[in-house]
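[1] Quick one: sequence plus predicted model below, questions after.
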Amino acid sequence: MPWRLLSLIVHLLSGLILGIESSCDECAAAVVSEGVEIRSSVVHSQVEEHARFRGVVPEIASRSHLRTMLPTIDAALERASARLEDLDAIAVTSRPGLIGSLLVGVSAAKGLAMASRRPLVAVHHIEAHVHSALMEAGLGVLPCVALVVSGGHTALYDVRGPLELECIGGTIDDAAGECFDKIAAILGLPYPGGPAVASLAVEGNPRAIAFPRYRPKDGRPGFSFSGLKTAVLYHVRGRNPSNPTPPPAAIQDRADVAASAQEAIVDMLVEQTLAAARQFASNTVLVVGGVACNSRLREQMRSQAQARRLRSIFPSPAYCTDNAAMVAAIGWHLWRAGRTADLALDASPR
Ligand code: KG4
Ligand code: ZN
């Protein structure tokens with residue numbers, strides 16, 4: 001068989017997808033083959049641009065995406081030694097997220113799809129997070145329950161197939177990562193708060209302060225973190241709202257507060273996830289999203305899942321936080337299923 005024909009067949013079978021992610025404060029592009037082989041993954045984080053505001057400022061985020069989107073895509077193609085014409089499809093996060101940020105990625109993807117005559121695939125950001133674990137662990141772990149836990153989202157999914165994901169519960173107020181970030185602000189720790197609280201917690205006693213743990217009353221899986229944030233504030237400042245929050249040096253039990261608050265967040269995440277696994281008859285749990293980087297969460301989920309004869313799977317830390325490899329991974333499944341979008345695709349915050 002002539003080599004050119006052979007290489008054409010190999011190419012047709014491989015399914016090379018460019019993924020684009022810009023839903024929040026990470027501008028990312030990646031090239032992934034067959035939904036699993038990461039040929040390149042480039043992430044430009046805006047953390048430094050938002051740090052002094054202690055949170056993501058939407059206007060700054062979208063302007064930053066405008067500056068970095070095309071260089072990030074170029075870098076991803078170059079590192080994968082791929083040209084636009086080698087791609088089979090272009091997958092982009094179209095929801096949920098910050099509308100101005102999403103629009104930058106969606107517009108870039110539409111332009112590239114039109115110029116290269118390649119199909120466009122619209123990806124749901126939270127479902128993409130689930131694929132960060134499936135990409136590494138393989139589809140053999142299905143069916144399973146997935147906990148998506150990040151700065152913007154805390155939700156549980158019943159995952160029956162690569163494109164069969166059903167939300168079975170979520171937070172009624174803050175996301176767990178947001179709670180870490182707010183507790184860090186109370187303790188005078190830098191942004192993003194999760195890693196800062198986690199490293200201070202190493203020096204503290206997780207049982208020093210009995211912070212509250214929310215438990216849904218209707219028996220369905222769910223989360224709430226705003227009560228914990230308020231309890232930490234009252235512990236540090238007192239209940240009188242006219243009291244100022246003390247400076248970090250004046251908080252004597254700072255490490256104990258960090259360790260005890262982290263323990264409360266971890267306990268709620270582990271308890272609800274394992275309860276959902278039991279309720280949905282799954283013997284595997286996936287934990288994905290930025291907070292899945294947390295060592296105490298990894299440790300507690302592993303040991304408590306093991307005690308119940310369940311398997312727990314975490315992606316490697318680089319793929320827990322926002323990235324475009326996970327977008328290309330689910331994009332490959334959508335493309336193969338013929339679920340492509342047209343150029344009228346719009347971004348949506350919800
Ligand atoms: O997934 P991600 O990059 O962005 C969103 O989609 O939100 O997650 C960012 C969140 C932040 O709230 C950050 O504080 C948290 O993940 N985070 C952590 C850790 N590393 C990042 N939280 C707890 N412990 C960590 N080690
Ligand atoms: Zn995310």
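    In hand now; what should we look at? Ligands and ions are numbered 1, 2, ... in the order given.
[2] Quick one: name the residues of the chain near ligand 1.
    24, 150-152, 177, 180-181, 192-195, 198, 289-291, 293-294, 321-322 (C-beta under 6 Å from any ligand atom). Placement of C-beta: from N, CA and C, glycine included.
[3] One more pass at 8 Å, please.
    23-26, 125, 129, 149-153, 175-178, 180-181, 184, 191-195, 197-198, 262, 289-291, 293-295, 297, 317, 320-322 (C-beta under 8 Å from any ligand atom).
[4] among those, which are within reach of ligand 2?
    Among these, proximity to ligand 2 is found for 150, 322 (C-beta under 5 Å from the ion).
[5] In contact with the residue of the stretch 51-200 of the chain found nearest ligand 2, which residues?
    Going by C-beta to the ion, ligand 2 is nearest to S150 of the stretch 51-200 of the chain, at 4.5 Å. Listed by C-beta atoms under 8 Å, 6 or more residues apart in numbering, the contact partners of S150 are 129, 175-177, 289-291, 321-322.
[6] quick one: which of those residues is most hemmed in?
    H129 (31 neighbours; other C-beta atoms under 10 Å).
[7] I'd say it and L147 touch.
    No: counting by C-beta atoms under 8 Å, H129 does not reach L147; the two are 9.8 Å apart.
[8] The helix or strand where I90 lies: partners in the sheet, and parallel or antiparallel?
    According to DSSP states H and E, I90 maps onto strand 89-95. Take DSSP bridges as the rule and strand 89-95 pairs in its sheet with strand 16-21 (parallel), strand 120-124 (parallel).
[9] now, of the ones you listed, which is deepest in the fold?
    Ranked by average neighbour count under the criterion mean count of other C-beta atoms under 10 Å, these are headed by strand 16-21 at a mean of 30.
[10] can I get the CA coordinates of that one in CSV?
    What follows is strand 16-21, C-alpha atoms only, in CSV (Å, rounded to 0.1, in the frame of the first residue of the first chain):
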residue,chain,number,x,y,z
LEU,A,16,-6.5,15.1,16.2
ILE,A,17,-8.4,17.7,18.2
LEU,A,18,-7.4,21.3,19.2
GLY,A,19,-8.9,22.3,22.5
ILE,A,20,-9.4,25.9,23.6
GLU,A,21,-10.3,27.0,27.1
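[11] Let me know whether it sits next to ligand 2.
    No: counting by C-beta under 5 Å from the ion, ligand 2 has no neighbours in strand 16-21; the shortest distance is 8.3 Å.
[12] How far away from the center of its chain is the strand holding I90?
    16 Å (C-alpha atoms, centre = their mean, to the nearest Å).
[13] Can I get that strand as PDB, trimmed to CA atoms?
    Coordinates of each C-alpha in strand 89-95 appear next as PDB, following Å, rounded to 0.1, in the frame of the first residue of the first chain:
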ATOM      1  CA  ALA A  89     -11.900  19.400  14.800                       C
ATOM      2  CA  ILE A  90     -11.700  22.400  17.000                       C
ATOM      3  CA  ALA A  91     -13.200  22.000  20.500                       C
ATOM      4  CA  VAL A  92     -13.900  25.000  22.700                       C
ATOM      5  CA  THR A  93     -15.500  25.600  26.100                       C
ATOM      6  CA  SER A  94     -18.700  27.500  25.400                       C
ATOM      7  CA  ARG A  95     -20.300  27.300  28.900                       C
END
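[14] residues in contact with it?
    15, 17-23, 102, 105-106, 108-109, 112-113, 116, 118-125, 128, 327-328, 330-332, 334-335, 340-341, 345-350.
[15] So which of the residues you listed are in strands?
    17-21, 120-124 (DSSP state E).
[16] can you list the residues you listed in a markdown table and add pLDDT?
    As requested, the ones in strands among the contacts of strand 89-95 are exported to a markdown table (pLDDT from 0 to 100):
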| residue | pLDDT |
| --- | --- |
| I17 | 98 |
| L18 | 98 |
| G19 | 98 |
| I20 | 98 |
| E21 | 98 |
| L120 | 98 |
| V121 | 98 |
| A122 | 98 |
| V123 | 98 |
| H124 | 97 |
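[17] Can you tell me which of those is closest to G227?
    H124 (29.0 Å; C-beta to C-beta).
[18] Okay, the closest one and A113: tell me how far apart.
    18 Å (C-beta to C-beta, to the nearest Å).
[19] give me every residue that touches the nearest residue in space to P247 that is not next to it in sequence.
    Spatial nearest neighbour of P247, excluding adjacent residues (C-beta to C-beta, 6 or more residues apart in numbering): G188 at 6.6 Å. G188 is in contact with 247-248, 251, counting by C-beta under 8 Å, 6+ apart.
[20] Same list (those residues) but as JSON lines, adding pLDDT, neighbour count and distance to ligand 2.
    Shown next, in JSON lines, are those (pLDDT from 0 to 100; neighbours: other C-beta atoms under 10 Å; distance: C-beta to the ion, whole Å):
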{"residue": "P247", "pLDDT": "80", "neighbour count": "8", "distance to ligand 2": "33"}
{"residue": "P248", "pLDDT": "79", "neighbour count": "12", "distance to ligand 2": "29"}
{"residue": "I251", "pLDDT": "81", "neighbour count": "19", "distance to ligand 2": "31"}
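[21] what's the neighbour count on the nearest residue to V121 once chain neighbours are set aside?
    Computed as C-beta to C-beta, 6+ apart, the closest residue to V121 that is not its neighbour in sequence is A91, at 4.1 Å. Using other C-beta under 10 Å, A91 has 34 neighbouring residues.
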